[in-house]
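*Asks:* coords below, sequence missing:
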């Protein structure tokens, strides 16, 4: 694949792959993340920030996989950038203003610390919330619904 | 209009007010913290999360087909478009082929949903700006579209009609005939909304030059969809990265010139006309054939096969106990929702349930640009800015 070869040439220490959706994917070491984002948006022309999320791969070392998605308005292609971490990552918000809420969301729901973020506060959940619900160690919660038939069941009579 | 006379006031007194989360113009539960200097908004901070229901967490405990039901509930004005985006991601993971009839019907249904969503936008925006009659006319047409959805799926909004592998069932010839008649009548309806709003001096006074967003700012903040196109960036996923055969349809991408509230309105109105064209072409070229894939790992076999084939029974049993089991991998397929680039990032570990589903919700990114267009403007324009950003809190908070 020509695209993979180009990517491999740019990211020597990166791990290039092509998943089922056909979006070229590069995994870079966390220390080279900021540099990689600059390269993706500059030299590789994928300047439009699309998405950032995390995947909790519980059994792996450095369990959180950060997944960045960029888009090139000239070539009309997406490009995915990945980095692994166990608790913290450099913030790309100073480079990409659009990543602001995305990093806050990942901080809120996964508990990852984005160093250098201008305003790293909870976004979705209340400020005094305990825990980070999208971690796979967090159980699914439930609240008993107040019906007359459930009051006996849950002892909320 | 300044409330305090600047010459006598020693220093301007700033006033912090809350707008929302319960406010008729917030389209759900968005809260804005506004710092005012007289009538001018000097600082705006959107506060979200009031509708956070942990949908992405819930995905992880559901099978892939059960997940379809959750997608309806994120952007509830674009339920079929969300079903489509989710189905496309799973199909990319599975590598399954979709029959031609199902693909054309998907385009037709996604475009009908876009029409319904834009009708809601025009009606709600006019209502926010104080014109109540356009809302009634838009609602009249939107009801007809929802009636079609009810006739085909049984539900008006939460249809869950597009599933991985195709559609739930075929559309009746009578529904298609009525849809065709509706599409023929639609351009005249759009004309009637334009008669009420486009040239209306009060409407133009309140929207022209208000809330200008430049193309560079929009791109930097991750904005997509009609808002980006109103800011002169002609990016539409349907044209740039066609899915479901959009490259075979003849349509234009309307763009704005200034990027103000009026442009965002005009772009959506022009988009409705293009959508009508796409629907017409889809109805004209609709081929015959099945609407579900023959891939038995994705869609269950038809009922009559179960009596004759042991293999069909096994497939049926596996699908209804374990569900779809995509191979290990990940997929994101971007589609154009009425609000911008939408896509579901689905990660599979090979089991019957995803280990992660993330929705790239267009409203979430678009809402980040709201302070940019509100700050420095008048308090009275906040409502116009908010209405033209058209945020759906269901998909912002998820």
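*Replies:* Received, thanks. Predicted model only: the values in this text are computed from it and were never measured.

*Asks:* Give me the residues contacting stretch B:285-304.
*Replies:* B:91, B:94, B:96-102, B:104-105, B:108, B:163-167, B:169-170, B:176, B:309, B:311-312, B:315-316, B:319-320, B:324-325 (CB atoms under 8 Å, 6 or more residues apart in numbering or on different chains). (C-beta placed from N, C-alpha, C; glycine too.)

*Asks:* Flag every buried residue along it.
*Replies:* Neighbour counts over stretch B:285-304 (16 or more other CB atoms under 10 Å in any protein chain shown) mark B:286, B:290, B:291, B:292, B:293, B:295, B:296, B:298, B:299, B:300, B:301 as buried.

*Asks:* just curious, which of those residues is nearest to residue B:243?
*Replies:* Taking CB to CB as the measure, residue B:243 sits nearest to residue B:293 out of those, at 15.9 Å.

*Asks:* Which residue is the nearest non-sequential neighbour of that closest one?
*Replies:* Nearest residue to residue B:293, sequence neighbours excluded (CB to CB, 6 or more residues apart in numbering or on different chains): residue B:165, at 4.4 Å.

*Asks:* neighbours of that neighbour, just the number please.
*Replies:* Neighbour count for residue B:165, taken as other CB atoms under 10 Å in any protein chain shown: 26.

*Asks:* Verify the contact between it and residue B:88 for me.
*Replies:* No - counting by CB atoms under 8 Å, residue B:165 sits too far from residue B:88 to count as a contact (11.2 Å).

*Asks:* about what we covered before: narrow the contacts of stretch B:285-304 to those in helices?
*Replies:* B:91, B:94, B:100-102, B:104-105, B:108, B:176, B:311-312, B:315-316, B:319-320 (DSSP state H).

*Asks:* Excluding sequence neighbours, find me the nearest residue to the residue in chain A that chain B sits nearest to.
*Replies:* Closest to chain B within chain A is residue A:98: 3.1 Å, counting by CB to the nearest CB. Distances taken as CB to CB, 6+ apart put residue B:222 closest to residue A:98, at 3.1 Å, once the chain neighbours are dropped.

*Asks:* Just give me the neighbour total for residue A:19.
*Replies:* When counting by other CB under 10 Å, one arrives at 17 neighbours for residue A:19.

*Asks:* just residue B:137 next, same as before
*Replies:* 17.

*Asks:* Buried residues, stretch B:63-78. List them.
*Replies:* Going by neighbour count (16+ other CB under 10 Å), the buried part of stretch B:63-78 is B:63-65, B:67-68, B:70-78.

*Asks:* Flag every buried residue along stretch B:30-42.
*Replies:* Neighbour counts over stretch B:30-42 (16+ other CB under 10 Å) mark B:30, B:31, B:32, B:34, B:36, B:37, B:38, B:41 as buried.

*Asks:* Need the distance between the two termini of it.
*Replies:* Distance between the two ends of stretch B:30-42: 19 Å, counting by CA to CA, to the nearest Å.

*Asks:* what about that stretch and chain A, touching?
*Replies:* No - using CB under 8 Å from any CB of the partner chain, stretch B:30-42 stays clear of chain A, coming no nearer than 12.7 Å.

*Asks:* Need the contact partners of that stretch.
*Replies:* Stretch B:30-42 is contacted from outside by B:1-4, B:12-21, B:26, B:43-48, B:50, B:367, B:370, B:374-380, B:382, B:386, B:391, B:393, B:396, using CB under 8 Å, 6+ apart.
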